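**Q** make a model of this:
(3 chains)
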Amino acid sequence: MFTVREIATALGAQAAGDLDLKITHASEPQDAGAEALAMAMSPQYGKALTQGNARAALVWEGADWQALGLDAAIFVVRPRLAMSGVTRMLDRGQRLAVGIHPSAVIDPSAEIGADVTIGPLCVVGPDAKIGAGSLIGAHCFIGADVTIGPEATLREMVSIGARVTIGARFRAQPGARIAADGFSYVTPETSGVENARKTLGDQGDTSAQSWVRIHSLGSVRIGDDVEIGANCTIDNGTIRDTVIGNGTKLDNQVHVGHNCSIGNDCLLCGQTGLSGSVDIGNNVVLGGQCGVADNLFIGDRVIAGGGTKILSNVPAGRVMMGYPAVKMDTHTEMYKAQRRLPRLMRDLDALKKAVFK
Amino acid sequence: MFTVREIATALGAQAAGDLDLKITHASEPQDAGAEALAMAMSPQYGKALTQGNARAALVWEGADWQALGLDAAIFVVRPRLAMSGVTRMLDRGQRLAVGIHPSAVIDPSAEIGADVTIGPLCVVGPDAKIGAGSLIGAHCFIGADVTIGPEATLREMVSIGARVTIGARFRAQPGARIAADGFSYVTPETSGVENARKTLGDQGDTSAQSWVRIHSLGSVRIGDDVEIGANCTIDNGTIRDTVIGNGTKLDNQVHVGHNCSIGNDCLLCGQTGLSGSVDIGNNVVLGGQCGVADNLFIGDRVIAGGGTKILSNVPAGRVMMGYPAVKMDTHTEMYKAQRRLPRLMRDLDALKKAVFK
Amino acid sequence: MFTVREIATALGAQAAGDLDLKITHASEPQDAGAEALAMAMSPQYGKALTQGNARAALVWEGADWQALGLDAAIFVVRPRLAMSGVTRMLDRGQRLAVGIHPSAVIDPSAEIGADVTIGPLCVVGPDAKIGAGSLIGAHCFIGADVTIGPEATLREMVSIGARVTIGARFRAQPGARIAADGFSYVTPETSGVENARKTLGDQGDTSAQSWVRIHSLGSVRIGDDVEIGANCTIDNGTIRDTVIGNGTKLDNQVHVGHNCSIGNDCLLCGQTGLSGSVDIGNNVVLGGQCGVADNLFIGDRVIAGGGTKILSNVPAGRVMMGYPAVKMDTHTEMYKAQRRLPRLMRDLDALKKAVFK
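**A** Numbers count the residues shown, from 1 in each chain, chains lettered A, B, ... in the order given. This next block holds a predicted model:
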């Protein structure tokens, strides 16, 4: 429970009215009760505010809070940034019991930092290190020789394979899989796939062969302030480590192949997949369901719209779209032309009749 | 074990021959032994029936069952509907031992209904409620304050985060993740992504920034008769709950972002993904690997073919296809024109030569 | 630890220099220390070799190893094949403690072969059989009546549902889900989807209905030498089993629907999805994020590029690309024409003006 004053102070925001009002939770304006802080950060939510029973709200700059029936208001300039501060304060978490649950199976050689909570039925392997202040949810698996920095928050059923190193303030959502083996095979002789890639379509004269496995000797190295979404999969490198830089966030069901290197402060949205050995710069944003073919380079600050399939290198700063990916304005131009295609065909037929008849 | 009579009665179907014949399992016609009920619901399976040793079969209306060598036959009008009835009767389940396994870690404040089975090594959190007659598979995690209605069936390794509410007859396949935190971030100043979305391609003059997290205060609310596939991920809402309506079914690896609202009786096929704040009506069917961009509205009874990427609102009743999604007949027309493009180019060159030479 | 001689012998490769040199691990050339075997299998890595401190390396045929500063060298002809041999020898695995962990919950009727390791907190169901020499990681679930052949390697949190049969040398990565129930529903009356599929776009005059479930009575049958990636999902068949042939490998997050049959020695890359009842031949390679619509046939040796969505049968030997999939050379031709479309439109306008003015 916080007062309006405490929240305003935490946000560094102006506030007005009864600043001692108590807030227990946040609410959409129309659903808000007397102890809620209503989220009404643009004028379009004004009416919804009056439909609910909020006494306090986050409102837009210059809002006439008294006319909206409020007893207190906090004024915000950049709404989603304010949301960040408010939701951090009011997050009730998962109610994990503090301390190390007796059902957890922890190798005696593991080093558990101060004030670490480990949930029921976790497994912590030999020589694993878990940083101070970390919260490990139920059913997690921390493999041998793993190092996790301080203040990590793992939800339930996260698995982290042997020899992974992770920085500070790591977050992982349920079912995240760090350090699966890479998907890497070779045929004894040249395969049809190798030929088809070289010729762009011709398998050549190859015989059917079985696949021989290339094992993963590398692991995964993750920086500070990284978040990995639910049911993501991040593969080990073959010889070197797969790397994820500081501040990078992965949404649910993202796949990162072996040997990939992702820079700092990137966002990879839901169900995006990177093949092996992809090299991604800093501040890159890939929308949902993007794909990147293997061995490609993607420069700093590249943005790709949802569903973009990147099949060649992308220079820094580009905004991309489509399958295969092109610059977004090229995509828009191509798409408009495609929509006009049926009419164009009729025009062409008319022309042919006129010219060649 | 059932008699042919019992099965016919359950299906509300006509039957003929030795109705006391005992059936232990269903089988494809060519593999059927003496105690199998062969599935031969259209004339194309007639020959396969005579290759197997079935004595009883589900057959098409008007089939000459004696000529097919059967001792008993059940006549069906709508084959897949009959399959539903038969497979429900003959489902052997997972052979989970009845009752609460001693290795499960159950908080004393949890309320477990009558006749609930909880498999080995489950975790049930504080104040969780599990409805009567539910079956919870091995290694499941039921978080704090979760409410699950009666007669749920959870397979192994399902996880349900804090404060989720679920209606009656819920089904979840292995590894389903309910209530991961939403993927929601903001930069302190306007970001290149915000600019690129506004301008459709221009990042403008923004500097590199780190991402600040928006926590999820909402949870997930699920109606009656919902089924969630293996390794699906459903995120918590930010302020309100993410909602899934009655009778909606999600296939494997479907992703539902934060704040989404899905109506009743929808089907979302394998690997489909919804970004944040998508609003889907009733009786919507999205084929496999569909994607829906954030903040979109999809009306009742919309159908999208496999691989469709929906990037703008879709009115009720539409049938959609493509990336970006268009009406299916538009897609067909555009696609045909594309296939003719190379020829069209040659025609155009000939015309140019004729006209401008 | 191995000597250079032992590694060369295992690879069947020529070697030169101090063959008694001890190797503890593999390394990229620039990072290599004195006990590393540097991977420098083409001349482009020559410079990197001199930057590191490797004394021994895998090098290309004819490399002047002494000039590269090495004390020993192994000469390889097909680099990735050599990688396979080297990585297999130097794989340190997950350091799972040998034997059956006391926290595992194993049904007394299960048959565990000789020299089997079962990790902490595993569940093995009634009448399950685990072949000799298998390694079962932590938190795995082996369901009732499952049979796993000898020398399996399961990473953590793998789940295998009831009645699955698996051949020899099976590998499964973390979170792989074998034998979820199939996604199969029917409406009591004809549905809009059925109409839209028949008419390619017209739902007809159907009323909204709820979905009735078709249960899965079949299971999953997997051959020898199969590998299943992290967080894959493989569904049970409806009446018959879903089948995966010998030597087939699935990358992470691959989805295989009910009743599918996959042949021998196939590769399905990351996030690829097969709908129900897909029939795939031998030696098929599907790139990342491919999709295959239901009830299709894909012949032997078909190759599909990343992101290909296959919506109709594909004859043996074809190389495919695109959405919808076409032959790769057709795709290239169509794509080039698309890129020229905007110019083509301008040409056409000029022609129209010239001819019709």
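**Q** burial count for residue A:266?
**A** Residues contacting residue A:266 under the criterion other C-beta atoms under 10 Å in any protein chain shown number 25. Bear in mind the C-beta positions are built from the backbone N, C-alpha and C, glycine included.
**Q** typed the wrong thing, it's residue A:77
**A** If you count neighbours by other C-beta under 10 Å, residue A:77 ends up with 13.
**Q** I'd guessed it sits against residue A:61; true?
**A** Yes: at 5.9 Å, residue A:77 counts as touching residue A:61 under the criterion of C-beta atoms under 8 Å.
**Q** and the stretch 251-357 of chain A, which residues reach chain B?
**A** In this structure, the stretch 251-357 of chain A approaches chain B at residues A:251-253, A:264-265, A:267, A:269-271, A:282-283, A:285, A:287-289, A:300-301, A:303, A:306-307, A:317, A:319, A:322-323, A:327-329, A:332, A:335, A:338-339, A:341-342, A:344-345, A:348, A:351-352, A:355-356, judged by C-beta under 8 Å from any C-beta of the partner chain.
**Q** and if you look at the stretch 51-200 of chain A?
**A** Taking C-beta under 8 Å from any C-beta as the test, the list of the stretch 51-200 of chain A residues beside chain B reads A:78, A:80-81, A:83-84, A:87-88, A:90-95, A:101, A:103, A:119-121, A:138-139, A:155-157, A:171, A:173-175.
**Q** in strands, which of the residues you listed fall?
**A** Among these, DSSP state E puts residue A:171 in strands.
**Q** show the buried residues in the residues of the stretch 51-200 of chain A next to chain B.
**A** Buried by 16 or more other C-beta atoms under 10 Å in any protein chain shown: A:80-81, A:83-84, A:87, A:90, A:94, A:101, A:103, A:119-121, A:138-139, A:155-157, A:171, A:173-175, out of those.
**Q** filter these down to the ones in helices?
**A** Per DSSP state H, helices hold the following members of these: A:80-81, A:83-84, A:87, A:90.
**Q** measure residue A:151 to residue A:134 for me?
**A** Between residue A:151 and residue A:134 the distance, using C-beta to C-beta, to the nearest Å, works out to 6 Å.
**Q** who's more crowded, the two?
**A** A direct count of neighbours by other C-beta under 10 Å for residue A:151 and residue A:134 places residue A:134 higher, at 24 against 19.
**Q** pLDDT at the more buried one, what is it?
**A** We note a pLDDT of 98 for residue A:134 in this prediction.
**Q** for it, grab phi and psi.
**A** Its backbone dihedrals place residue A:134 at phi -80, psi 150, with angles given as degrees, to the nearest 10.
**Q** residue contacts, residue A:348?
**A** B:344, B:347-348, B:351, C:348 (C-beta atoms under 8 Å, 6 or more residues apart in numbering or on different chains).
**Q** and if you look at residue A:256?
**A** With contact set as C-beta under 8 Å, 6+ apart, residue A:256 has these partners: A:232-235, A:242, A:244, A:250, A:262, A:268, A:273-274.
**Q** phi, psi of it?
**A** phi -120, psi 110.
**Q** for chain C, see how far away the residue found closest to residue A:31 once you drop the neighbours it is linked to in the chain is.
**A** Of all residues beyond its chain neighbours, the one nearest residue A:31 is residue A:52 (5.9 Å), with distances taken as C-beta to C-beta, 6 or more residues apart in numbering or on different chains. From residue A:52 over to chain C the distance is 32 Å, taken as C-beta to the nearest C-beta, to the nearest Å.
**Q** got a pLDDT number for residue A:52?
**A** Reported pLDDT at residue A:52 in the predicted model: 94.
**Q** now do residue A:357
**A** At residue A:357, the model reports a pLDDT of 70.
**Q** remind me which residues of the stretch 51-200 of chain A are low pLDDT?
**A** For the stretch 51-200 of chain A, no stretch has pLDDT under 70.
**Q** which residues of it lie near chain C?
**A** A:105, A:121, A:123, A:125-126, A:139, A:141, A:143-145, A:157, A:159, A:161-163, A:175, A:177, A:180-181, A:183, A:185-186, A:188, A:192-193, A:196, A:200.
**Q** pull out the buried residues from those residues.
**A** Buried members of these, scored by 16+ other C-beta under 10 Å, are A:105, A:121, A:123, A:125-126, A:139, A:141, A:143-145, A:157, A:159, A:161-163, A:175, A:177, A:180-181, A:183, A:185-186, A:192-193, A:196.
**Q** now do the SS call for residue A:346.
**A** helix (DSSP: H, G, I helix; E, B strand; the rest coil).
**Q** what is the burial count for it?
**A** Counted with other C-beta under 10 Å, the neighbours of residue A:346 add up to 9.
**Q** right, and residue A:290 touches residue A:304 too?
**A** Yes: the pair residue A:290 / residue A:304 is scored as a contact, 5.1 Å apart, by C-beta under 8 Å.
**Q** cool, thanks, signing off.
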